[in-house]
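Colleague: Here is my input; please provide its structure:
(2 chains)
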Amino acid sequence: MIARRSIVGLGTIMVLVGCWYVLTSATGLVSPGRFPSPQDAWESAWQVTVTGYANGRLHEHILHSLKLIALGFLVAAGTGVPLGLLMGWSRRADAIISPIFLLIRPIPPLAWIPLAILWLGLGDAAKIMVIWFAAFVPSVINSYTGVRTIECYVVEAASMLGTPRWRFVLEVLVPAASPMIFTGLRLSLQASWTTLVAAELVGALYGLGRILNVAQQDIYPGMILVGMICVAILGWATTRLLAHAESLALPWLRTAEA
Amino acid sequence: MVSLAQRPLTSAETIGYGAIGLAAFLALWSALSLTGLVPRQFLPGPLEVVSRMVHLVGSPFAGATLPQHLASSFLRFAYGFALGAVVGIPLGLLMGWFRWLDDIVTPIFDGLRFIAPIAWVPFAALWFGTGVGGPILIIFAGAFPPCLINAYRGARFVSRPLIEAAQMLGTPSRRVITEVLLPASLPSIVAGLRVSAGLGWQSLIGAELIVASTGVGFMMVQAQLNISTATVMAGMLAIGLVGLLIDVGLRQVEGAVRRRRGLQ
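Modeller: Sure, this is the predicted structure:
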């Protein structure tokens, strides 16, 4: 069944590429000012990789974006997951923090961008702040849900056996909540990418969003396409990396599925 | 003693603790701005933000008053969201029914899914301009995937006996989709619409920050350039409120649909 799907999928993509070539290069039905031909895209990719575009070469832009994603995501996960666990664990903490959360949550992460620029300028710190805001919420909510859905008997068994508090947290609470924690981290990662691209489009010196922004101003469709493809590939690659980390961290789920 | 199995708080306690939390948050915010620890220009107090918002309702900033900006933002959102639903839901249902369509669309969709909606901004501006068309494409890019995915899942998880009964009675495909799949997957579709609305609203703000020349996002960028932090924060507050209203409205619809299905 999987084989059939991949054959049809491969066929679809080949047909699409064929249409792309016919519409742009061969017949010129779509003007090169609207959408680049395969050759334009290839030349743009070559240009940005070898000679550079928008202040840097492709690998510099990619490394810069990846660094910001990694920093913002780690800060968000490092603060969001513990807070979510705490709120799930203690009803008192939940009651104190939830209203503040309710107040801030409806504001979309992208709406923080102007404020971040006002506070921290156009540099890396502003981007990390915005990514942190975007990625923080899914981490908190899913960790919280993860703790709240732990079966009561697990908790009771642990306390009946006299498990000390720190061992309970490390050996019961976190492992039991971890499938949900990873769900939250996956959402956080997606939110990180969206916000980073938006923040870099609004104002940046390096990064994939910067490529897109300069290409837009130069009306350079080939480069726009290259930028978008890079965003897609990096988004996909980081998601795969996280899925791999999840399967390493939660080996018992893998055996359950098999 | 581990406190997971602890008794729930009474409602008085919940309100009390909540009030403490909120009060602490607002007090910290006011204190930072009033004591001048953070310059007032960069962190106006809560009251200042609210009064700025009231002021903006009456007097224009960046070419329009706050309600006018909100109206033009909301109109764009409504178009993009409606387009996402009108394209996404039928396509999702059809993909759930016709295997060949599923096989063709899924690889394209999976490829496009990893492009953040906001990365469409340059092409949107190039193809449809920065007025209404461009932002609509970006909202569509944000709102379309959840509509499609939830309609598809809803259609795939319709219980077999229902479909088999319909087929046994000789129902044509078109009627199976409109009279079996659509009603059966309605709860899933409505849940998808809520997610869509959230993502669409957020994409709209991003689009307006970058390209538009009206709307709340544009107002905030102008305020940022004028270093008017109170206006930026008033804009955030307004965006949050409208987003909340949209979500509450759709939650009502979701509740009504679920109640009619006897799911709650």
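
Colleague: shaky segments in the chain?
Modeller: The chain I'm using is chain A. The model of chain A has pLDDT under 70 over residues A:1-2, A:254-258.

Colleague: could you do chain B instead?
Modeller: Residues of chain B that meet the criterion pLDDT under 70 lie in B:1-6, B:263-264.

Colleague: domains for it, by residue range?
Modeller: Using automatic domain parsing, the domain ranges for chain B come out as B:1-43, B:52-260.

Colleague: for the ones you listed, which one sits closest to A:A45?
Modeller: If you check each of those against A:A45 by Cβ to Cβ, domain B:52-260 wins as the nearest, at 15.9 Å. (Glycine included, C-beta is placed from N, CA and C.)

Colleague: Tell me the buried residues in the one helix or strand B:V121 maps to?
Modeller: Under the criterion of DSSP states H and E, B:V121 resides in helix B:121-128. Neighbour counts using 16 or more other Cβ atoms under 10 Å in any protein chain shown place B:V121, B:P122, B:F123, B:A124, B:A125, B:L126 of helix B:121-128 among the buried residues.

Colleague: re earlier: any chance of the domains of chain B in CSV, plus distance to A:S139?
Modeller: Below are the domains of chain B laid out as CSV (distance: least, Cβ to Cβ, whole Å):
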stretch, distance to A:S139
domain B:1-43, 19
domain B:52-260, 17
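
Colleague: In PDB, list the C-alpha atoms belonging to the host helix or strand of B:I149.
Modeller: In this assignment (DSSP H and E), B:I149 forms part of helix B:133-156. The C-alpha trace of helix B:133-156 is given here as PDB (Å, rounded to 0.1, in the frame of the first residue of the first chain):
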ATOM      1  CA  GLY B 133      -5.800  40.200  -2.200                       C
ATOM      2  CA  GLY B 134      -2.300  39.700  -0.800                       C
ATOM      3  CA  PRO B 135      -3.300  39.400   2.800                       C
ATOM      4  CA  ILE B 136      -6.200  37.100   1.900                       C
ATOM      5  CA  LEU B 137      -3.800  34.700   0.300                       C
ATOM      6  CA  ILE B 138      -1.700  34.600   3.500                       C
ATOM      7  CA  ILE B 139      -4.800  34.100   5.700                       C
ATOM      8  CA  PHE B 140      -5.900  31.400   3.400                       C
ATOM      9  CA  ALA B 141      -2.500  29.700   3.700                       C
ATOM     10  CA  GLY B 142      -2.900  29.700   7.500                       C
ATOM     11  CA  ALA B 143      -6.600  28.700   7.600                       C
ATOM     12  CA  PHE B 144      -6.800  26.200   4.800                       C
ATOM     13  CA  PRO B 145      -4.700  23.200   6.300                       C
ATOM     14  CA  PRO B 146      -6.800  22.600   9.500                       C
ATOM     15  CA  CYS B 147     -10.000  22.800   7.500                       C
ATOM     16  CA  LEU B 148      -8.800  20.200   5.000                       C
ATOM     17  CA  ILE B 149      -7.200  17.900   7.600                       C
ATOM     18  CA  ASN B 150     -10.200  17.800   9.900                       C
ATOM     19  CA  ALA B 151     -12.700  17.300   7.100                       C
ATOM     20  CA  TYR B 152     -10.500  14.500   5.800                       C
ATOM     21  CA  ARG B 153     -10.100  12.800   9.200                       C
ATOM     22  CA  GLY B 154     -13.800  13.200   9.800                       C
ATOM     23  CA  ALA B 155     -14.700  11.600   6.500                       C
ATOM     24  CA  ARG B 156     -12.200   8.700   7.000                       C
END
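
Colleague: same for that helix, what does it pack against?
Modeller: Helices and strands touching helix B:133-156, by 3 or more Cβ pairs under 8 Å, 6 or more residues apart in numbering or on different chains; DSSP states H and E, are helix B:66-97, helix B:99-113, helix B:121-128, helix B:186-210.

Colleague: Now do the next helix or strand after it: everything it contacts.
Modeller: Per DSSP H and E, helix B:133-156 leads on to helix B:160-168 as the next helix or strand towards the C-terminus. Applying Cβ atoms under 8 Å, 6 or more residues apart in numbering or on different chains, the contact partners of helix B:160-168 are B:R175, B:V176, B:E179, B:V180, B:L181, B:A184.

Colleague: returning to what we had before: of the domains of chain B, which stretch is the most buried?
Modeller: Among those, domain B:52-260 has the highest mean neighbour count (mean count of other Cβ atoms under 10 Å in any protein chain shown), at a mean of 20.

Colleague: since we're on A:I62, how many residues are nearby?
Modeller: A:I62 has 19 neighbours, counted by other Cβ atoms under 10 Å in any protein chain shown.

Colleague: Give me the distance between it and chain B.
Modeller: A:I62 is 14 Å from chain B, where distance means Cβ to the nearest Cβ, to the nearest Å.

Colleague: thinking that residue is in contact with A:R210, fair?
Modeller: No. Judged on Cβ atoms under 8 Å, A:I62 makes no contact with A:R210 at a distance of 11.3 Å.

Colleague: The residue minimising distance to the centre of chain B: what's its closest spatial neighbour, skipping adjacent residues?
Modeller: Nearest to the mean C-alpha position of chain B, by Cα atoms, centre = their mean, lies B:G198 at 1.3 Å. Once flanking residues are discounted, B:G198 sits nearest to B:D247: 6.6 Å by Cβ to Cβ, 6 or more residues apart in numbering or on different chains.

Colleague: Now do the contacts for the one you found.
Modeller: Contact analysis of B:D247 by Cβ under 8 Å, 6+ apart lists A:P106, B:R194, B:A197, B:G198.

Colleague: contacting residues for residue 172?
Modeller: By default, I'm working from chain A. A:I150, A:V154, A:V155, A:A158, A:T163.

Colleague: If we only consider those residues, which is nearest to chain B?
Modeller: Closest approach between those and chain B, by Cβ to the nearest Cβ: A:V155, at 4.5 Å.

Colleague: element containing the closest one?
Modeller: Using DSSP H and E, A:V155 sits in helix A:152-160.

Colleague: any chance of the helices and strands packed on helix B:133-156 in TSV, with distance to A:A41 too?
Modeller: Formatted as TSV, the helices and strands packed on helix B:133-156 follow (distance: least, Cβ to Cβ, whole Å):
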stretch	distance to A:A41
helix B:66-97	26
helix B:99-113	15
helix B:121-128	13
helix B:186-210	23
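
Colleague: Looking at these, spot the one closest to A:G56.
Modeller: helix B:121-128 (18.1 Å).

Colleague: Compute the inter-axis angle for the closest one and helix B:186-210.
Modeller: 90 degrees (axes from the mean of the first three to the mean of the last three Cα atoms, to 10 degrees).

Colleague: how about the contacts of B:D247, which pair is most distant?
Modeller: The most distant members of the contacts of B:D247, if one measures by Cβ to Cβ, are A:P106 and B:R194, lying 13.1 Å apart.

Colleague: Run the chain-centre distance for stretch A:83-96.
Modeller: On the basis of Cα atoms, centre = their mean, to the nearest Å, stretch A:83-96 sits 26 Å off its chain's mean C-alpha point.

Colleague: Actually, stretch B:50-64.
Modeller: Distance of stretch B:50-64 from the chain centroid (Cα atoms, centre = their mean) equals 24 Å.

Colleague: Endpoints of it, how far apart?
Modeller: Start-to-end span of stretch B:50-64 (Cα to Cα, to the nearest Å) is 18 Å.

Colleague: near chain A at all, that stretch?
Modeller: No. Shown here: stretch B:50-64 not in contact with chain A (Cβ under 8 Å from any Cβ of the partner chain), separated by at least 12.1 Å.

Colleague: what's the nearest residue to A:L187 if we skip its chain neighbours?
Modeller: Spatial nearest neighbour of A:L187, excluding adjacent residues (Cβ to Cβ, 6+ apart): A:P138 at 3.7 Å.
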